[in-house]
Structures are given as C-alpha cells and as structure tokens.
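Q: only geometry, no sequence info:
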Ligand SMILES: Nc1ncnc2c1ncn2[C@@H]1O[C@H](COP(=O)(O)OP(=O)(O)OP(=O)(O)O)[C@@H](O)[C@H]1O
Ligand SMILES: Nc1ncnc2c1ncn2[C@@H]1O[C@H](COP(=O)(O)OP(=O)(O)OP(=O)(O)O)[C@@H](O)[C@H]1O
Ligand SMILES: [Mg+2]
Ligand SMILES: [Mg+2]
C-alpha cells in the first residue's frame, strides 16, 4: 500500500521537480536574450565609444559586449574551417558589432528600443535573437502543459487509490463499524482508527516518494553527466530541499487523512441508512 | 474503477506514443547525418565531376549534394546580413563543397570513408557533423530512459491498482466464496465471476485509455500547431492506429484477467488454509 | 405490510419482561424498536419521557450505551479475540485499561468463558458464542438488558445458568427484556407479552410468589 | 488439547443419527469432520471406502456435493435474495435455469418460505433464516443430510415440521445426521451418539417400533 501511494505520489512530484528545474533553466536563459547591433563599416573609434556610452545609459540593457570586426572574422574563419583555405580573403568583410543582453523580454519594449537604436548614426543593422527565445519559451510551455496534465491525472489516481484502499478497509471492518454503532460508539470514535491509518499511509507513502525521487534524480544526473559535454551542465536536476520534502510528506499525510475521513464517513453513512 | 484503470493505463501509453514518435523522428534525422567535403579552391570542373562520380559509387553514401562556392557565399551573406554591408568583398572566400548524407552511423565505417576520401586529389577538408547527431541521440536516450522509468512505475501501479480492486471484491464476496466452496463449487466455478469482472475492467479501462490518449494528442497537436513555425511540423504526435488500439485494449483485458485470476486464487487459498 | 400493528406496551424501570411468539412473529423487531436499533414506520417510542424518533444522531450513541443488547445473531467481531470482543463497550466508554481488563474478566467468568479469553470467536461453539455475546452485553452494567433468544443455542444446564444471570441483574434493579419461543418457567415476578399475527397480548403478569 | 478423542463411529447408508452433547462438547466439530469441512489432526475418516484425508483438492468439491449441510450459523449469503441462496447448490451443479427455479420453489415451499423468495435473508427472522438454510441443504437432494442444531431457533410447531422433513428424507433412503442439545423424541429407528468430555458414547440404538 505504501508503495502504491509512494509511486503514485512520486510521479507528479517528478513532474514538479522537472518543471521547477526547467523554469529555473528558462530564467537563466531568458536573460541571456540578445540583440546584435551591427555598425557601419567605416565607423570611427570615437563613434563606437559614443554609441557604447549611449547604450550603457539605457535601463533596458543589461550587458554590452563589443566585438571588433577582426575578432568576428577570426571566429568565422575557424568556424567554417576557412583559415587554411588557399587564396583566403585579405579584406575582412565583417562589421564591428555590439552584442547586447536585455533585461526584458517584452516585445513592445524591445521594438521601441530597436527603433531608438536605429536612429543612432553609425548603426547599420539590428538583429533580434527573438526566434530563439520564442522557441525556448514554446518548448517550456509544452513541457508545462504536459506536466500539469500528467500531474492532475496522477493526483486523481492518487485520490482514487487512497480512498479505494480505505474503502477496502471499511468494508473489511464493516461488521466492526456496525457493532460499534449498535453498542453506542460515537462516529468520531469509529472513524478514529481509519483516519489514523490514512495518516500513516500518507506518511509512509510520502517517505517512499522521497526515496523514489532521490533514486530518479541520481540516475538522471548520472545519465546527463555522461553526456554533459553537450549540455554544458545545464541539465542537472536539483532534488527538493528539506523544507519542500517536509511539505511533500505533510501533503501526503493530509491527503491520507482526508481520503480516510471521507471513506469512513461514507461507510458509517451506508450503515446509517439501514439504521 | 474504469477511470482509475483508464488513467493509469493511459500514462505509460502516452509515454510509448511519444517514444514511438520520437524514435520515428530520430530515424528521420539519423539518416540525414552528413559529412561535408570541401574542395580545393582552384579545382576544375572536370575534377569535380570525377570526384562526384567516385562518391556516387560508394555504397555508404546515400545522397550527394554539390554546392558551388557561389551558392555558399550567397547563403552566408544572407545569413550574416552581409549582403547590404557597404564595402562588401568582391572575391568569394569560400570553396566548392559536397554535402553527403550517409547510410550508416557506425563511427568506424565513417572514419574509414573519410580516410579514403582524403586520398582523393582536390579534396581539401572533410568535416563530420557528428556532434549534432550525438547530441540528438543523447536527448533521445534521455527521453527513452525517462519514459521507460515512468512506464515501469506506472505499470506497477496499474497491476497493484487492479489487483487491489479485485482483492476488495474478493473480500466483499468472501462469504460467497466460503459458502460456495462448502457446498461443492469447484475453484474454477468460484473464480469465474471475478475473472469476468477483471476482463470487463480491462476492457472498460482500455476504452477510457484510448479516449484519454485521443484528447491528449489533440491538445498536444493544437499546442504544437500554434508554435509550428519553430518546429517545422516536426513535432506532430501520431495516435495509435487501429491495430495498436486493439492491441492496447487486448493488453488491458489480459492484465485485468491476470490480476483477477491471481486475486481470486489468493482469496480461495486464504480460505483453504482454514479448510 | 407491517410486521407489528397496534402495539402498545409500557415497561417500568426494573421490570422483568418476556416477549414470546412463534418464529417470524416479530419478537426481534419489537426488541430492536425498543432499543432504537430500528425506527418504527409509524407510532412513537418514548424512553425516559423522550420520544426516541426525535433524538438526533449525536445523542443516539449515548442512548445506546444505556442498553445491553444480545442480538439473535450474536454480532460478534470475528477478527478480535474473546477478551477484545467483551472489552469493546468499555473501550467505547473510554475506561481505564486496568478497569477494563478487570471487568472483562469478571463478565467472562460469569458466562464460563474465562479460560477462552484469548481464543477467536470463530473457534467457539455456537453456545459459547452466545455466552460471549451475553458477556459483552453485561460488561458495561447497563440499566436495561435486552436479550433476543439468549438461550436458543444452549443446553438445559447452561440455559439455567444464563437465565440465573439475567435474574440476578434483575434483582439489582436492571430492567431485563428477554424474547423466547416458549413461555418462561420462573417463579420471579415478571410480565409476559405474546406476539401473534402482529398483535401484542399481555399473557401473564406473574406476581412474585414466595 | 484435542476437542474430540478416541472417537470411533460407523454410519451406514440410510441411517438416522443424532449427535447430542452440551454446549461446547464437540458436536459441530464432529459434524464438520464427517462432512470434510475440517480435517482431523489425527485419525482417519473413511467415506465410501475412501480415506478422505488422501482426497486431493480437485476431488473435494465433488465429495461435498453429496452432502447437504446445515450449519449452526446458517452461512447464508446476505447479498442475494432467498431464491438465489437456495439456487446456489443447483447453479454449482450447473442445472438448467428452468429446473433450478422449479426445484428451488419446491424446497422453499417445504420450509414455508415460498412467499419470501424475493426477500433478502437479513430481513428474515432468526427462525426463517434457519429454515432457509434447511431449504438450501435439501434442494440438491443430497444422499447425506447433515444438520447442526437445525431447530435451535424454532418454536415447537416449526420444530416438529422441520424434523418431519428430515424424517421424510430419511424415509426415502437419505442418511440423516442431526445434532442437538437434547435427546430426540421420535419413534423412528435411530442411533444417538452422546459426546461428553471429548468421548463418544452410543446412547441408544432405537429399533423401529411399530
Ligand atoms: N426489513 C424487512 N423487510 C421485510 N420484512 C421484514 C423486515 N424485517 C423483518 N421482516 C419480517 O418481519 C417478520 C418478523 O421478524 P422478526 O425477526 O421480528 O421475527 P422473530 O419473532 O424474531 O422470529 P424468530 O423467532 O424466528 O427470530 C419476519 O417475517 C421477517 O421476514
Ligand atoms: N480451531 C479451534 N481452536 C480451538 N478450539 C476450538 C477450535 N474449534 C473448536 N474449538 C473448541 O472445541 C469445542 C467444541 O466446539 P463445537 O463447536 O464442536 O461444540 P458444539 O458441541 O457444537 O457446541 P454448541 O452446542 O455450543 O454448538 C469448543 O470448546 C470450542 O471452543
Ligand atoms: Mg428473532
Ligand atoms: Mg455447535
């Protein structure tokens, strides 16, 4: 029984855990949202400094990275394995650029910012990496929908499973309930052993849930560790902390108490109908 | 009861569905694994044709796409928004290239192929797109592990839930089982109503599972449709086909039969101990 | 069709009452009505100047504790041993464990089952189960003892012993109501009601002889 | 401690047997041993030249179908109505539904419960339940009828009627084994075994008078 509750409870918990981690991840990534500002080719050092100081004053802008055209060219050559190509180009075709991280993801604010920047002399072209952000948010949205669907289905299963179990118990103790009522037991006296059992089920189930989560997080992180290179350590799942763990167990106990209370009440009511 | 079985059964089914779709997706992508063959800058048309015919004979090579340096240059300019940059470069720095899709993902075979290709005159550089494949496979591996973990946990829940329910039933019918045995019922006679119930549970639960899957696939595809631009219609979940649906219901009925058979046997055994 | 019709009876505190009638006459039904286990489809039952029909659910348990009921089908709990079966009414009254075990043993002793306190009721013989049900009814020293065919499963010797237990409770002021098939054979002052075709007749109102 | 010791009895086909003894003597235990409901801790029970102890599980149901058992605690099914309770042994024998309903009604009629066939057993009086159990035992026309205190809950009239049913079965060749507290009062040829302190004594071997 503990195992059923444990397993059932662990599934939405895993979902929550992943969601929690994913939204942390998304927060991390969101603020790395960038726009790229390409400057005109013939821009002077002074002009660049002027633009940079202007950008630094803007509250929407979090971080500025200036990339001289030579650096960009070197990078491109490495990227395309062009460095060793015979007959390389002597002249650098690339412009200087600012890569700017923003404090906001609000598309109106970003559009305004871009319009402002466009008026500045020396700025040739502005590219927003909006697609990438949108894509990521979409994926997270998908995950969120999935987890919530899964979570609510599983919580439904959990409630049904616990109350089914207590119903089984009240059926087994039907005679006991009937006899106790006949010789003058109050309803709360009759309910007491069932609610105790429900709370204990909740507690045991909660403990098992924590155990399952622990194992799954360990396994998951072992796997991601093996392929860490590709994700740069981004996907490391953090388990619930102590406070959250206690909250989980407490919730499970509450659910157990509730389910048993309702089932016991129903069992008593069933008998009351035939007085 | 049907609902519990339905929900419980639908969860690993959703997992399977996604896995099925994901591995189809991965198959699609796997075989688009490419190597890029860059040619020397001063290569002649004849040499290109010679290399192409050589490549076409190789059984490991699935598809060859020749990209003249001009096309590559145009693309790069578009990509980097360089087209309109003042003072563009007159000379194209890029080489001609073959983009080759392979029939294999075996790293030894690919390494051999590359060594062979390197000996051909006119081939300057070979780049394998291995990282991207590896990354994708890793992600799929992760998903797979997740789904299998989830699936096995849920199947455990399913079995426990069904046999719990039947146990509840045998408890409710304990007197009936005892009396039937005492007046000469064979064990199979006693088991019959329980196994029927188990099979019906399985059938009803299976139907509900199909319903849940239908709704979830519709919702999922509605969501992905909204953000389709970013995935190019890649993530469209296909529901089980008729054959798979029938198999699912059949499996559920089998599980129901098995769980009820075992529970009924246990109930009879429990009574047999006190003859 | 109503099982009992036109029933009218008054029981004074301390009475010894016998309810007789053939099988299916309605003895058990009458006893269940008196003890508020069943509600009448019409008519009223008045206990200590209170109409039981109007009693609310929360007061019912406290009313029931005044009754010691012996049911025709015993209603024992087959998942508890004899001791725990008899202890149940005392546990419901939330007595001290030491008090409980003392009084349970006294009750078991009275019905001759002290040596079986650790057995499960299912292993008891039919008559022993009946005696166990009697022990459970008397353990809480109720002011009204209601017994539905308490000696049906017992042989002469035990029947006499058990009846004497009931008489001794009656002697100390307990109201005792007993149903049986046959007219009672006792010299103690008692009333006998006979149920026949749903009608109640006061058969005898036997005064104390001595 | 063994409930029964040194028991040795032989029952011929067609016998009418009474088992008497006080409450807790071991009557029910003996009847359960005879009908293979319980296994003896030592000793053997031979039925039609077969040692029941060595019977395997698959053969047991077919042995049991030869017995019509009336248990002291009735063992009725409280979630089926009277008709279905009596029909159960016939369903187990997989008879035709039309045959079943004819024979069930005949059996219910014999015990005076035909007008209650659609009632649930819980609404029956104690004596009616006992009669229902008797109907279930006789409906499959067993070759051996075993009744554990079948008339304990019945008044004189019904008791006589029921005993006459048993005697009529005995008349047509059925072996009848009945337990009771008191010695039987019948003029029909019968054997009476008395159990006392675990020992079995052949009290009477009454020959047919006439
Ligand atoms: N809920 C009910 N529905 C229908 N009939 C009922 C119900 N309860 C009791 N009866 C009927 O009422 C009649 C009286 O039942 P009761 O148990 O009072 O008889 P009794 O006098 O105790 O008989 P016995 O000596 O056999 O125990 C019976 O015929 C029974 O079938
Ligand atoms: N499984 C068991 N474990 C221990 N004692 C048992 C078991 N089964 C029966 N007994 C004891 O065996 C004795 C005989 O029981 P049995 O039911 O045969 O008596 P009986 O003659 O039918 O009495 P009654 O007339 O009261 O029904 C009783 O004292 C009972 O407690
Ligand atoms: Mg009665
Ligand atoms: Mg007995």
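A: Arrived safely. These figures come from a predicted structure and were not determined experimentally. Ligands and ions are numbered 1, 2, ... in the order given.
Q: Which of the helices and strands in chain A ranks last by mean pLDDT?
A: helix A:228-231 (a mean of 46; mean pLDDT, DSSP states H and E).
Q: Quick one: the helices in the chain, in order.
A: I went with chain A, as the question did not name one. A:2-30, A:45-57, A:69-79, A:107-119, A:130-172, A:174-182, A:187-226, A:228-231, A:242-273 (DSSP state H).
Q: Please refer instead to chain C.
A: C:27-34, C:60-64, C:82-92, C:97-110, C:126-138, C:156-171.
Q: low-scoring pLDDT stretches of the stretch 151-275 of chain A, where are they?
A: Scanning the stretch 151-275 of chain A for pLDDT under 70 picks out A:151, A:153-159, A:223-238, A:273-275.
Q: Get me the contact residues on it for chain C.
A: Residues of the stretch 151-275 of chain A lying near chain C by C-beta under 8 Å from any C-beta of the partner chain: A:173, A:175-176, A:178-187, A:189, A:272, A:275. Yep, even glycine has a C-beta here, placed from its N, CA and C like the rest.
Q: Separate out the buried members of those.
A: A:173, A:176, A:178-187, A:189 (16 or more other C-beta atoms under 10 Å in any protein chain shown).
Q: Excluding chain neighbours, what is closest to residue A:43?
A: Nearest residue to residue A:43 in three dimensions, chain neighbours excluded: residue A:122, at 4.8 Å (C-beta to C-beta, 6 or more residues apart in numbering or on different chains).
Q: ok, and the closest non-adjacent residue to whichever residue of chain A sits closest to ligand 4?
A: Of the residues in chain A, the one nearest ligand 4 is residue A:175, at a distance of 20.8 Å by C-beta to the ion. In space, and not counting its chain neighbours, residue A:175 is closest to residue C:77: 6.1 Å by C-beta to C-beta, 6+ apart.
Q: Which stretch among the helices of chain C is buried most, on average?
A: helix C:126-138 (a mean of 26; mean count of other C-beta atoms under 10 Å in any protein chain shown).
Q: by how many degrees do that helix and helix D:27-34 diverge?
A: Angle between the axes of helix C:126-138 and helix D:27-34 is 140 degrees (criterion: axes from the mean of the first three to the mean of the last three C-alpha atoms, to 10 degrees).
Q: so what does helix C:126-138 touch, helix or strand wise?
A: strand C:67-70, helix C:82-92, helix C:97-110, strand C:144-148, helix C:156-171 (3 or more C-beta pairs under 8 Å, 6 or more residues apart in numbering or on different chains; DSSP states H and E).
Q: Taking helix C:156-171 as reference, get the angle to it.
A: 10 degrees.
Q: Centre of the chain to helix C:126-138, how far?
A: 11 Å (C-alpha atoms, centre = their mean, to the nearest Å).
Q: For residue C:73, give me its contacts.
A: Contact partners of residue C:73, counting by C-beta atoms under 8 Å, 6 or more residues apart in numbering or on different chains, are residue D:126.
Q: confidence score at it?
A: pLDDT, residue C:73: 86.
Q: give me the number of residues near the residue lying closest to residue C:21 once chain neighbours are set aside?
A: Distances taken as C-beta to C-beta, 6+ apart put residue C:195 closest to residue C:21, at 3.7 Å, once the chain neighbours are dropped. Per other C-beta atoms under 10 Å in any protein chain shown, the neighbour tally for residue C:195 reads 22.
Q: Just to check, residue C:195 is in contact with residue C:27?
A: Yes - assessed by C-beta atoms under 8 Å, residue C:195 is found in contact with residue C:27 at 6.0 Å.
Q: Now the common contact residues for these two.
A: C:19-21.
Q: Rebuild these as CSV, extending it with neighbour count, pLDDT and distance to ligand 3.
A: Converted to CSV, the shared contacts of residue C:195 and residue C:27 look like this (neighbours: other C-beta atoms under 10 Å in any protein chain shown; pLDDT from 0 to 100; distance: C-beta to the ion, whole Å):
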residue, neighbour count, pLDDT, distance to ligand 3
C:19, 26, 92, 10
C:20, 22, 91, 11
C:21, 23, 88, 9
